[in-house]
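Chemist: Show me the folded form of this:
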Amino acid sequence: MAKIVFNAEKREKAGKGAARAVRREGRIPAVIYGGKQEPMLVSLHPVELEKALEKRDFYKSDIEVVVGGKAYKVVCQDVQFHVVTDFPIHVDFLRK
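Modeler: Next up, the predicted model:
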């Protein structure tokens with residue numbers, strides 16, 4: 001299995017409007033949840049995500065999301081794609 005590392009930025013607001021604002025900035029909204037902790041809202045760089053999605057075993061890979069210097073080990077639970085452009089619009093990560 002491949003190891004994938006994302007350098008993410010923390011985002012403060014949740015909801016449809018906040019996610020759209022993140023997309024207008026050119027980033028992909030994501031959430032890290034599970035592990036009996038509060039969900040963490042982050043945004044990913046689209047080029048990093050596109051390269052990772054090209055890997056054959058992306059959903060089985062060990063993924064590390066670095067937010068503010070702290071690394072979180074996660075697995076990808078779901079990626080939502082735009083209906084027409086097939087561009088990723090949201091990612092759900094589950095803590096290990």
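Chemist: mind checking the end-to-end distance for stretch 50-58?
Modeler: 11 Å (CA to CA, to the nearest Å).
Chemist: Which residue ranges of the chain form helices?
Modeler: Applying DSSP state H to the chain gives helices spanning 16-24, 46-53.
Chemist: Out of these, which gets nearest to Val67?
Modeler: helix 46-53 (13.4 Å; CB to CB). Every C-beta, even on glycine, is put in place using the N, C-alpha and C of the backbone.
Chemist: helices and strands around that closest one, which ones?
Modeler: Helices and strands touching helix 46-53, by 3 or more CB pairs under 8 Å, 6 or more residues apart in numbering; DSSP states H and E, are strand 3-10, strand 88-95.
Chemist: let's see 6 Å
Modeler: Contacting helix 46-53 under the criterion 3 or more CB pairs under 6 Å, 6 or more residues apart in numbering; DSSP states H and E is no other helix or strand.
Chemist: Low-confidence stretches in the protein?
Modeler: Applying pLDDT under 70 to the chain picks out residues 1-2.
Chemist: Go again with 90.
Modeler: Scanning the chain with the threshold set as pLDDT under 90 gives 1-3, 12-15, 35, 55-57, 59-61, 96.
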